[in-house]
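when you get a sec, could you give me coordinates for this:
(2 chains)
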Amino acid sequence: MSASSSSSSGAAGEAARSRFRLCVAAVLRLLRTTAVRLSALYLVLFVLSVGLILVVVYRTTAGFLSEEIGETVALEVEAFNDHYTKYGLPGLVELVRGRSAVVNNNAIYLLTTANGGILAGNLSRWPDVVPSANGWSHFKVSDSSGVHNRPSTAQAMTFTLPGQFRLLVGRDMSELDQLSDRMVRSLGWIIAATAMLGLGGGLLVSRGAMRRIEAINRTTRQIMAGDLSDRVPRFGGGDEIDRLAGNLNAMLDRLERLMTGMRQVTDSVAHDLRTPLTRLRSRIELALIRETDDAEHYRSVLQDTIAEADRLIATFTALLSIAEAESGAKRNDFVPVDLRDVVQLAADLYEPVAEERGQRLTVEIPTGMGPASVPVRGNGQLLAQAVSNLLDNAIKYTPEGGAITLRLDGPAAGQAARVTVADNGPGIPEEARAKVLQRFVRLDTARASPGNGLGLSLVDAVASLHGARLELADNGPGLRVALVFPAELRAL
Amino acid sequence: MDMKVLVIEDDQQAASYLAKGLKEAGHVVDVAHDGKEGLYLAGGEHYDVMIVDRMLPGRDGLSLVQVLRAAGNDTPVLFLTALGSVEDRVKGLKAGGDDYLTKPFAFSELLARIEVLVRRRGAAQPQTKLAVADLELDLLTRGVRRAGKAIDLLPREFALLEYLMRNAGSVVTRTMMLENVWDYHFDPQTNVIDVHIARLRQKIDKDFSTPLIHTVRGAGYSLRAAS
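Now for the predicted structure:
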C-alpha cells in the first residue's frame, strides 16, 4: 500500500515537474523571440537615458541650492565679524537677538560664552558635533527654530570669537532635505513610468514589425509544404521589411518559372527520349524474334542500334549543356574571351560545309578597331558552340545556292559586341520566333533534316548565361539571328 | 600495336566490357575496382597506359593520378568520366591526366585515344619537319610538298594535316580532330570534319596514285603510307 501511494505521489510530482518544465520552456521560447529581445534592449536604453537626465537635473538643482546657502551664511558671518569689531560683544548680542527674532526664517544663530551659557540665539543648546573638514557642522535640530515642528537637520558654521565666545551661524536644511526627498521620490516614479512606457512601447513597435515577419514565415512554411503559388503579403511603404517581402516574391517568381520550365523539360524529355528509346527497343526485339542465320542482318541491326544510341546521347548531351548554361553555375569560371577568335574559328569550320552545299558564306570581322580584340567575359566553349549552332542552322535551312553572312560588330551604343548570322533561306514567321527557342521545337514538322530541336534552345541558354540577348529578325528574305552582348559586360 | 593497359573502374560490368574490348584489340589488360587496388597495381607493374574512372570509391581518380605523378610515375593516363564539362576536363588534365573521355563513349574512340597517347609518349624530340611516304610538311616554313610538288594549304588545313601527320599510322577520330585542331570540346551537329577531310584529300591525294588519308569505318581517319 505504502509503496503504491508513494509511487502515485511520485507520479503527481513528476506531472507537476513536467508542467513546470513546459512553462519554463514556453517562457524561454518567449524570451528568445526577437520582439521580446528588442523590447528589452529598447527598455534598458530608454530607462538609462531618462535616469541620466534626471540625475543631471537633480545634481544641478540640489547643488545650486546648497551652494546658495553656503554663500548666504558666509556673508552673514562676515557681517557678524564686522559688527563685533565695531560694537563689541553687546552689539553682537543685540544683532543676534534681532536676527533670531525674525519668524519664518530658516536661519539659526547661537552665541554662547566659553562654558556654554547662551547669550543670544534661537537654538536651545550648542550642538555637540565636530565640524567636518570643510568647516560645516551637520546636526539635528531637536529644539527647532519654530518654523517646523518636526525634528529637522541643519548645517552651520561655528566660530570662536576673541574672549572665548562662540558663535554659530547656520540654516535649517529641512526644506532642502524635503525637496531632495521629493525629487528622489519623483525620480523613482518617473523611472518606473518610463520603464512601463518603454516596455509597452517596445513591445507594441516590435510586435508590429514581428507580425509582418511572422507573415513572411507563414508564407515560406506554406511554400515549403509545396504550394509554390503563395506570395508574401506586402504592406506598402517600401521599408526594409517591405523590400524583403518584395525580393522574396521576386525570388519565388523566378523559382516558379524555373519549376514550370523544368516540368516542361521533363515532359519533352519524356517524349523526345522515349520515342527513340522505343524505336531502339523495338528494333532489337524484332531482330531477336525473326530467326535467321544471316549474320549480316544482325550486323546491320546492331549498327542501326548504335546510330540510334548515338543520337540519343547527342540529345542527352545537348540537354545537359542547356541545363548547365541555365543554372548559371559556369559564371564563376568566366574568363575574357575574344569573340574574333570564336567567330573566326566557327567560320573556318563551317566554310567548307557551306561550300559543299553550294552556299556562299561571307565572314565580316571588323578590322582597325583599336585593340585587335572584341573581348567579353564568358565561357569560350559555350560561346563557340552557340555560334557554331547558329551557323549550322543557317546552312541546314538555307537552300542550295543561298547566301549566309556571319558578322561580328564591336562596341556600339548599348552593346559591347554583336554576332549576327543572316541567311536568305525561308526564315521563321514572326509568331513562331519565340517558340523555336523552346526545347525540342522544330518548325520542320516532317523532321526531314537531321537535328534534335535543341540547337536554338542552347544558343538562348548560352546568351542568358552571358547576360546577352538573342534577337531573331526578318532578313527580308531569310532569318537574321543576333547575339547582342550588352555594354556593361565588356571586359576591361 | 599491343599495349599493357591498366583499367581502374569501380563499375564491375563496365570494367569487364572495357577489358574484353581491349583484349580483342590485342592488348593485355589488368583491372582494378577501386583506387587502392589501382594504386597498388600501378606502383608494382609497368603499364603502357592507364584508363582511370574519375569517380572511384575510397580514393577518387583525380587524387590517385596526383599521387602517382608525385611518385614519379609518368604512365599516360586517360580519364573516363560522367562529368562532361570543360571545367572538369581542365581539372583532370591539371591533376596529371593526359586525355579525357566522357561517358558514354564509342569504343573505337577509346582505342584511338590510348594508342595516340602511347605513341606520343614514345615520340622523339620536337621536330621541325614531318614526313609520311612522299608527303613532307615543314613546320618552320609552313610549306607542304608531295613527291617534291608544293601544295597550297589554308592555315586550318595545314593544322589538320599537321595533326594527322603527327599521329601518322594511328586512327584519329573526328572528336580528336575537333579538340586538337579547333579546340572544340563539343560535337557540332553536322559532320563538319568529313567535309574538311574531303577538302584535304582533294589537295593531298587527288593527283597521286596512292592515297595517304584512309577512312577507318566507325572510327575516323588515318594517315599512313600503305593501306
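
please name the residues that touch the closest residue to chain B within the stretch 1-150 of chain A.
Residue nearest to chain B within the stretch 1-150 of chain A (Cβ to the nearest Cβ): residue A:34, separated by 42.0 Å. Where you see a C-beta, it was placed from the backbone N, CA and C, and this is true even at glycine. Applying Cβ atoms under 8 Å, 6 or more residues apart in numbering or on different chains, one finds that residue A:34 lies in contact with A:206, A:210, A:213.

and the lowest mean pLDDT element among the helices and strands of chain B?
helix B:86-94 (a mean of 82; mean pLDDT, DSSP states H and E).

only the buried residues of that one, if you could.
Across helix B:86-94, burial judged by 16 or more other Cβ atoms under 10 Å in any protein chain shown covers B:86, B:88, B:89, B:91, B:92.

which among those residues are in contact with chain A?
residue B:86 (Cβ under 8 Å from any Cβ of the partner chain).

which residues in the chain form strands?
You didn't pick a chain, so chain A it is. A:107-112, A:118-121, A:136-141, A:152-161, A:165-172, A:335-338, A:360-364, A:375-378, A:403-409, A:415-423, A:469-474, A:479-486 (DSSP state E).

hmm, no, I was thinking of chain B.
B:4-8, B:28-32, B:49-53, B:77-81, B:99-102, B:129-132, B:135-138, B:143-146, B:149-151, B:171-173, B:213-216, B:220-223.

nearest to chain B, out of the strands of chain A?
Short answer: strand A:335-338, nearest of these by Cβ to the nearest Cβ, at 10.9 Å.

using PDB, write out every CA atom in the closest one.
The C-alpha coordinates for strand A:335-338 follow below in PDB (Å, rounded to 0.1, in the frame of the first residue of the first chain):
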ATOM      1  CA  VAL A 335      37.300  34.400 -68.500                       C
ATOM      2  CA  PRO A 336      37.900  37.100 -71.100                       C
ATOM      3  CA  VAL A 337      37.000  35.600 -74.500                       C
ATOM      4  CA  ASP A 338      38.000  37.200 -77.800                       C
END
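
what's in contact with that strand?
Contacts for strand A:335-338 (Cβ under 8 Å, 6+ apart): A:373, A:374, A:375, A:376, A:377, A:378, A:379, A:380, A:383, A:491.

so the fourth one touches residue A:463, yeah?
No: taking Cβ atoms under 8 Å as the contact criterion, residue A:376 and residue A:463 are not neighbours in contact, 11.4 Å apart.

quick one: contacts for the residue positioned nearest the centre of chain B?
Nearest residue to the geometric centre of chain B (Cα atoms, centre = their mean): residue B:113, 2.6 Å. If you count contacts by Cβ under 8 Å, 6+ apart, residue B:113 has them with B:78, B:99, B:101, B:173, B:176.

just those residues that are near chain A?
Of the contacts of residue B:113, not one also sits near chain A (Cβ under 8 Å from any Cβ).

pull the most distant pair out of these.
Distance extremes for those: the farthest pair is B:78 and B:173 at 13.2 Å, using Cβ to Cβ.

thinking again about what came up before, pLDDT wise, what is the residue nearest to the centre of chain B at?
Looking at residue B:113, its pLDDT reads 95.

quick one: it and chain A, what's the gap?
Per Cβ to the nearest Cβ, to the nearest Å, residue B:113 is found 17 Å from chain A.

distance to residue B:224 added to the strands of chain A, as JSON lines?
JSON lines is the format used below for the strands of chain A (distance: least, Cβ to Cβ, whole Å):
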{"stretch": "strand A:107-112", "distance to residue B:224": "132"}
{"stretch": "strand A:118-121", "distance to residue B:224": "139"}
{"stretch": "strand A:136-141", "distance to residue B:224": "122"}
{"stretch": "strand A:152-161", "distance to residue B:224": "123"}
{"stretch": "strand A:165-172", "distance to residue B:224": "126"}
{"stretch": "strand A:335-338", "distance to residue B:224": "37"}
{"stretch": "strand A:360-364", "distance to residue B:224": "32"}
{"stretch": "strand A:375-378", "distance to residue B:224": "40"}
{"stretch": "strand A:403-409", "distance to residue B:224": "36"}
{"stretch": "strand A:415-423", "distance to residue B:224": "38"}
{"stretch": "strand A:469-474", "distance to residue B:224": "45"}
{"stretch": "strand A:479-486", "distance to residue B:224": "42"}
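
make TSV from these and add mean pLDDT to it.
As requested, those are exported to TSV (pLDDT from 0 to 100):
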stretch	mean pLDDT
strand A:107-112	84
strand A:118-121	82
strand A:136-141	76
strand A:152-161	78
strand A:165-172	83
strand A:335-338	89
strand A:360-364	92
strand A:375-378	85
strand A:403-409	92
strand A:415-423	90
strand A:469-474	90
strand A:479-486	92
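
what does chain B have sitting close to chain A?
B:84-87, B:104, B:106, B:156, B:182-190, B:192, B:195-196, B:198-199.

go again with 10 Å.
Applying Cβ under 10 Å from any Cβ of the partner chain, we find that chain B lies next to chain A at B:83-87, B:89-90, B:102-106, B:154-157, B:159, B:178, B:181-200, B:218.

walk me through the domains of chain B.
B:4-122, B:129-223 (automatic domain parsing).

distance between the ends of the longest one?
By that I understand domain B:4-122. From its first residue to its last, domain B:4-122 covers 14 Å (Cα to Cα, to the nearest Å).
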